[in-house]
Every structure is written in structure tokens, then in C-alpha cells.
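A.B. asks: starting from these lines, generate the structure:
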Amino acid sequence: MNTSTALLLADLTGVAVFAASGASAAVAKRLDLFGVVFVGFVAALGGGIFRDLAIDEVPPLAFADWRYAATAAVTAAAVFWLHPQFARLRTTVLVLDAAGLGLFTVTGTLKALDAQVPAVGACVIGMVTAIGGGLGRDLLTAEIPVVLRREIYAVAALAGSILVAVLDALGHANAAWLTTTAAFVVGLRLISLRRRWSAPVAPQRPPRTDTHP
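C.D. replies: Numbers count the residues shown, from 1 in each chain. Model prediction:
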């Protein structure tokens, strides 16, 4: 299997897991079939569309290659019909979202590097590729976007993007190391949820106690 084929399979796998994550969240909100498929489509392809526009790949693969849209739509529809099989839906959404985060972090950063984007820019593109779909999903299902909360989400994606850039610079961007990097992002996200790790927030000023005008 050559690098381009492996990258395509990783990309489509990321599309499928993010579509399932988006569709599961939409099912939990009791959206109809069209709403579930649409949220799944946005969750799966929103970050990739940004990535392709950022690296001047027009039209984006989400529109140029039917396999991307088909994978997202079929996966979301399958979740709609099979959702009674999913026990503990919230846990399923979180695990699928973490898997999509790891896969899209790696593929987004790699595609940016292949397009000759400098390492710093490639890391930013990789991070936004990974978090863009989840951001769209949360907005469409009336949730505060995960990326804006204190949870370790965008930070995990950025850490993974930096690892990919370092591996590429050292000439070690092979399948084994990239798979390990994706697993690291997934593990960091899930462990942070279990351990309740969070990024710092700005301290709040204590309320005034004096009553003078």
C-alpha cells in the first residue's frame, strides 16, 4: 500500500467516525433523518473543507471526490437506523469524537506539509481540521462547542499536529509512527475526560461587598 492510498483510507476512516459522532449527537437531540445526515455530514467534512481551502485545493475533496460525501451520508444514515443498538449513547459519541480527532489531526497536518505549508502553519491547519467538524456539530445541536470549554480538546489536536511536524522533519513520518501519533491524541483526549483535566480559565473578580454609592 503506497502513502497516498494509506492517507486516503485514514481520511475516509476519519470521515466515517466523525459522521457517526455527529449523527449520534443529532439522534440524541431527536432530529429527523435529514437532520441526522446533515449534522453527520458537517461533523465529518467541515474541518476537511477548511483544510482544503487553506492549502488552495479547490474544489475541496468533500465536493470533488464522491467517496467523502458518500461515506459521511451512509455512516450517518446507518447510525440513524441502528441507534437503538448503541448503549450509553453519550459515551459512544465521546469515543467516536476522540477517534476522529486523532485521525484528522494526522491527515490534516500531513496534507498541509505536503502542500509545502511551513511547519507552524501546518500545525494550525491540522488542529483546525481536527476540531472544525466537532465545532459545527455542537453548533448545529445547540451545544456549547467543546473547543470553547475547559476540556483538553484543541490542545490535544495541537499536540498531535506538532508531533506530526516533528516526525516529518526527522524523516520518520511513516505509517507506524503516524498511527502512534493518532493513538496519542485519542488517548490524551479520553484520559483528560476521565481525569477531568482542563485548561486554565481567567480568574473571576470577587463581588464587591461595600454598599457605598
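A.B. asks: going forward, measure contacts and count neighbours with C-alpha atoms only.
C.D. replies: Will do.
A.B. asks: Leu167: neighbour count?
C.D. replies: Neighbour count of Leu167, defined by other Cα atoms under 10 Å: 16.
A.B. asks: likewise Val58?
C.D. replies: 12.
A.B. asks: touching, Ala19 and Ala72? I think so.
C.D. replies: Yes - using Cα atoms under 8 Å as the test, Ala19 is close enough to Ala72 to be in contact (5.3 Å).
A.B. asks: so these two - more neighbours on which side?
C.D. replies: For the pair Ala19 and Ala72, the greater number of neighbours falls to Ala19 (36 against 32), based on other Cα under 10 Å.
A.B. asks: name the element the more buried one belongs to?
C.D. replies: Following DSSP states H and E, the helix or strand that holds Ala19 is helix 3-28.
A.B. asks: any buried residues in that helix, and which?
C.D. replies: Across helix 3-28, burial judged by 16 or more other Cα atoms under 10 Å covers 7, 10-27.
A.B. asks: helices or strands next to it in the packing?
C.D. replies: Contacts defined by 3 or more Cα pairs under 8 Å, 6 or more residues apart in numbering; DSSP states H and E place helix 3-28 against helix 33-54, helix 66-82, helix 89-114, helix 119-140.
A.B. asks: apply 6 Å and report the result again.
C.D. replies: If you count contacts as 3 or more Cα pairs under 6 Å, 6 or more residues apart in numbering; DSSP states H and E, helix 3-28 packs onto helix 33-54, helix 66-82, helix 89-114.
A.B. asks: report the distance from it to the chain centre.
C.D. replies: On the basis of Cα atoms, centre = their mean, to the nearest Å, the separation between the geometric centre of helix 3-28 and that of its chain is 9 Å.
A.B. asks: I'd like to check the angle between that helix and helix 89-114, please.
C.D. replies: 150 degrees (axes from the mean of the first three to the mean of the last three Cα atoms, to 10 degrees).
A.B. asks: tilt between helix 3-28 and helix 33-54?
C.D. replies: Using the same axes, to 10 degrees: helix 3-28 against helix 33-54 is 140 degrees.
A.B. asks: give the rounded mean pLDDT of helix 3-28.
C.D. replies: On average, the pLDDT along helix 3-28 is 82.
A.B. asks: again with stretch 97-106
C.D. replies: Along stretch 97-106, the predicted confidence averages to a pLDDT of 87.
A.B. asks: tell me where the chain is predicted with low confidence.
C.D. replies: Across the chain, the stretches falling below the confidence threshold (pLDDT under 70) are 1-4, 84-90, 150, 199-202, 204-213.
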